[in-house]
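Asks: This is a predicted model, with the sequence first.
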Amino acid sequence: MNLLHLKYAVEIAKTGSMSKAAESMFMNQSNLSRAIKELEDNLGIVIFNRTAQGISLTPQGDEFLSYANGILRQVEEVEALYTGSVKGKQRFSVSVPRASYIAAAFVEFCKHIDKERPVEIFYKETNALRAIDNILKSDYKLGIIRYQQMFDERFKSMLTKKGLNCELLCEFRYIAVMAKSNPLSNKDDLQFSDLAGFIEIAHADPYVPSLPLSKVREEEYIENIDKRIFVFERGSQFDLLQNVPNTFMLVSPIPQETLDKYELAEIPCISEKRVYRDMLIYSKGYKLSELDKRFITEVTKAKRQYL
């Protein structure tokens, strides 16, 4: 096994195709296929399933790729340290839940980027599973994941097995947000029963380790709501709340400037007993950069201000 073999496997997993990986690495497909077969034979595992429909990772292959990505990241860091190949370049990457207080922290963070130096910043809003995978497989350095407190042991056990640190950022209960024109917006507080007949805007990809999606949805979605619009990102949810009558969303607290911009109102929901946690995650052994520390500082400040 050598570093080229690791790079080959990572590229195939990234593209999902032997031919595309060969093309991107400027090599013959048969040579690439032979190299992967040698790697599998040396390790005694099958990394990729090869079918008429294409290539997919086996469970052993998925585990192998998490290690391969980590090794290649470390090699790049060593090369950068001693060769100066990326001297002066600022790089920051994080995956986060769709949370307005974190987005506000990110804006403040970006205001202080050194504009005299090259910079690459990657900010991805996604669910907990993809945030974890982005660290293990896609060279993201930080993640923030959100889950119910009742699932704490499930998540911490999985994170430990995958070699990830986790640190508590905050705990909170969801509140209801809706347009000021919504007939419920003038109430001081709400019961879940008040929301029956209204349309919930919900994120479509909840995740809990070792639980089927149907069970996770039972825990995440209100039982007496039978009208939902599922979204995958934060931007459209505000347009929907503002423009589609009788919609609402259960969210972490939102900055006042965002509420004012979209003419929205927040109302406490006294039926909401679920406690959520936002957890910072990163690889064990990873040393936080100055940009990482600055972002965490801004998230902490935003948490104190808005939550």
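Replies: That came through, no problem. Predicted model, so just to flag it, every value in this text is computed and none were measured.

Asks: And the helices in this protein?
Replies: With DSSP state H as the criterion, the chain has helices at 3-15, 18-24, 29-43, 59-83, 100-111, 128-137, 152-161, 213-220, 234-243, 256-262, 290-306.

Asks: out of those helices, nearest to residue 199?
Replies: helix 234-243 (8.7 Å; C-beta to C-beta). (Each C-beta comes from the backbone N, C-alpha and C, glycine too.)

Asks: so how far is stretch 150-161 from its chain's centroid?
Replies: 16 Å (C-alpha atoms, centre = their mean, to the nearest Å).

Asks: Buried ones in that stretch, by neighbour count?
Replies: 151, 155, 158-159 (16 or more other C-beta atoms under 10 Å).

Asks: Likewise for stretch 158-174?
Replies: 158-159, 162, 164, 166, 169-170, 172, 174.

Asks: Quick one: the helices of the chain as TSV, columns for mean pLDDT and distance to residue 270 too.
Replies: Formatted as TSV, those follow (pLDDT from 0 to 100; distance: least, C-beta to C-beta, whole Å):
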stretch	mean pLDDT	distance to residue 270
helix 3-15	90	47
helix 18-24	88	53
helix 29-43	91	56
helix 59-83	80	43
helix 100-111	96	22
helix 128-137	93	27
helix 152-161	96	24
helix 213-220	92	19
helix 234-243	92	21
helix 256-262	94	20
helix 290-306	95	20
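
Asks: okay, those, which one's buried deepest?
Replies: helix 128-137 (a mean of 21; mean count of other C-beta atoms under 10 Å).

Asks: Other residues contacting that helix?
Replies: 13, 65-66, 69-70, 93, 95-97, 124, 126, 140-147, 155, 158-159, 162, 164, 205, 207, 281-283 (C-beta atoms under 8 Å, 6 or more residues apart in numbering).

Asks: same question, stretch 164-174
Replies: 132, 135-136, 144-145, 149, 155-156, 159, 250-253, 269, 272-284, 286, 299-300, 303, 307.

Asks: Output the helices of the chain as JSON lines; include the columns distance to residue 196.
Replies: What follows is the helices of the chain, written out as JSON lines (distance: least, C-beta to C-beta, whole Å):
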{"stretch": "helix 3-15", "distance to residue 196": "45"}
{"stretch": "helix 18-24", "distance to residue 196": "49"}
{"stretch": "helix 29-43", "distance to residue 196": "55"}
{"stretch": "helix 59-83", "distance to residue 196": "42"}
{"stretch": "helix 100-111", "distance to residue 196": "26"}
{"stretch": "helix 128-137", "distance to residue 196": "29"}
{"stretch": "helix 152-161", "distance to residue 196": "30"}
{"stretch": "helix 213-220", "distance to residue 196": "17"}
{"stretch": "helix 234-243", "distance to residue 196": "18"}
{"stretch": "helix 256-262", "distance to residue 196": "24"}
{"stretch": "helix 290-306", "distance to residue 196": "29"}
